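Asks: Sequence first, then the predicted structure:
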Amino acid sequence: MHRRVVQLIVAAAFAIACQRADQSAWLGAPKHIAPGVDFYQVTDPTLVDPQGPIAVYLLRLDLDRVQIESGLSNDEVMMAERVDGIAERHSAIAAINAGFFNVKNGEPAGLLKVAGELVSDTGLTRGVVAIHSEPGARQQLYFDQASARVQAQFAANKKTFTVPIDGVDTTRERGKLMLYTPAYHADTDTAPNGTEWVLSGKPLKVVAMRIDTGKTPIPRDGVVLSYGGLDLPPNLDWLLPDVEVTLTTTWKILNGTPDARFESAREIVNGAGLLVRAGSLMSGWQAAENLVPATFTDVRHPRTLMGVDRGGALWLAAIDGRQPDHSVGMTFAELQGLCKRLDLQNALNLDGGGSTTMVVGSEIVNKPSDATGPRPVSDAILVKAKPGAGQK
């Protein structure tokens with residue numbers, strides 16, 4: 001029995017060594033950027049089928065030495081900014097573009113949580129990763145498919161009212177109730193044709209009510225509720241000064257990650273297409289995430305990817321595309337092939353297309369596909385040195 005165990009251990013070690021050797025053969029030697037940060041550039045045409053020119057840029061991150069965090073464009077939700085600008089302002093070692101966004105105004109278009117604050121919600125279930133960061137501990141990443149909606153609850157006239165919020169930190173629409181957090185902007189940037197309630201304190205309490213004014217300043221210790229239109233729904237008639245308000249988030253998570261993981265996450269990054277979860281390749285993206293094969297999953301595009309391998313290393317990838325003489329891009333099937341080569345146990349497709357941008361130091365290392373150059377985005381994933389890691 002003992003001999004059999006030894007044989008199994010030797011066989012497993014040999015298999016791991018072969019896998020690492022195979023990986024090194026196509027990856028090549030890395031460029032060491034900083035402790036815990038290795039950079040690879042790959043042009044192996046067998047990464048796509050049928051074969052063609054391909055340019056893949058990879059960062060391998062040791063989460064014992066570095067950590068990641070979300071960086072907002074211009075440090076607020078409004079407007080967009082290039083990834084290199086976001087990285088420079090945060091003194092990041094490296095960065096890539098992250099979540100999907102509205103190219104017209106730069107607002108995030110999926111779930112986004114930054115520094116513990118939900119700054120974008122959605123009713124559309126999409127691939128996401130929740131990032132847990134505890135002081136001194138290794139970051140934990142939870143990959144799933146999820147959506148979230150926020151609601152406000154308050155008591156008045158001996159009744160309890162629950163009011164759904166139609167959007168967090170996004171442009172107000174007529175007949176809709178929006179929530180604005182301090183991450184949005186200095187004020188709500190709204191027109192003077194609605195009602196806005198300023199909430200602050202712990203617990204949150206209505207401290208001011210502004211009618212047909214717009215552009216309400218957002219308190220640093222609170223939020224603003226904003227309704228577009230002149231006539232309030234009956235429930236909101238009872239939302240008056242001094243009324244306490246509780247904000248709650250309802251999560252819809254498809255693959256079993258507990259709600260608490262998302263509720264307590266420091267960051268949540270959104271994507272479109274959960275590629276690998278718990279070692280299994282995913283499929284059925286049209287049903288689960290409303291992704292259209294003919295225009296998105298089965299077509300080659302520039303792509304941005306994040307994933308965690310069997311050994312716990314985090315990989316960030318930028319794949320150029322839409323440039324036939326340089327790089328053709330990847331389909332989801334080809335992305336999953338890349339995930340298999342990297343032995344990723346969890347992986348998420350992030351925003352791609354013209355947004356795909358990787359920054360190392362102060363340099364954009366890939367070749368973004370837009371004719372006008374690197375595209376401004378809503379948020380980025382920043383790589384930073386882990387406090388105290390230099391002592392290891």
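Replies: Received, thanks. Numbers count the residues shown, from 1 in each chain.
Asks: Show me which positions of the helix or strand that contains Ile33 end up buried.
Replies: With elements taken from DSSP states H and E, the one containing Ile33 is strand 31-34. Within strand 31-34, the residues that count as buried by 16 or more other C-beta atoms under 10 Å are Ile33, Ala34. No exception for glycine: its C-beta is placed from N, CA and C like everyone else's.
Asks: likewise stretch 123-135?
Replies: Buried positions in stretch 123-135, judged by neighbour count with 16+ other C-beta under 10 Å: Thr125, Arg126, Gly127, Val128, Val129, Ala130, Ile131, Ser133.
Asks: How about the secondary structure of the second one?
Replies: In other words, Arg126. strand (DSSP: H, G, I helix; E, B strand; the rest coil).
Asks: immediately after the strand holding Ile33, which helix or strand?
Replies: On the C-terminal side of strand 31-34, the nearest following helix or strand under DSSP H and E is strand 37-42.
Asks: The helix or strand that that following strand is followed by pairs with which strands, and in what direction?
Replies: Next in sequence after strand 37-42, counting helices and strands by DSSP H and E, comes strand 56-61. Strands that pair with strand 56-61, judged by DSSP bridges, come out as strand 37-42 (antiparallel), strand 314-319 (antiparallel).
Asks: so which of the ones you listed gets nearest Gly201?
Replies: strand 314-319 (38.3 Å; C-beta to C-beta).
Asks: Strand partners (parallel or antiparallel) of the strand holding Ile33?
Replies: strand 37-42 (antiparallel).
Asks: Quick one: residues in contact with the strand it pairs with.
Replies: 26-28, 30-33, 54-62, 65-66, 93-94, 360, 365, 383 (C-beta atoms under 8 Å, 6 or more residues apart in numbering).
Asks: One more pass at 6 Å, please.
Replies: Strand 37-42 has contacts (C-beta atoms under 6 Å, 6 or more residues apart in numbering) with 27, 30-33, 56-60, 66, 93, 360.
Asks: Now do the contacts for Asn102.
Replies: Shown in contact with Asn102 (C-beta under 6 Å, 6+ apart): Ala109.
Asks: again, only using 10 Å
Replies: By C-beta atoms under 10 Å, 6 or more residues apart in numbering, the contact set of Asn102 is Ala80, Pro108, Ala109, Thr170, Thr171, Ser378.
Asks: I'd like to know which of these are buried.
Replies: Looks like the contacts of Asn102 have Ala80, Pro108, Ala109, Thr170, Thr171, Ser378 buried, using 16+ other C-beta under 10 Å.
Asks: Can you tell me which of those residues is nearest Ser283?
Replies: Closest to Ser283, out of all of the buried ones among the contacts of Asn102 and judged by C-beta to C-beta, is Ala109, at 23.4 Å.
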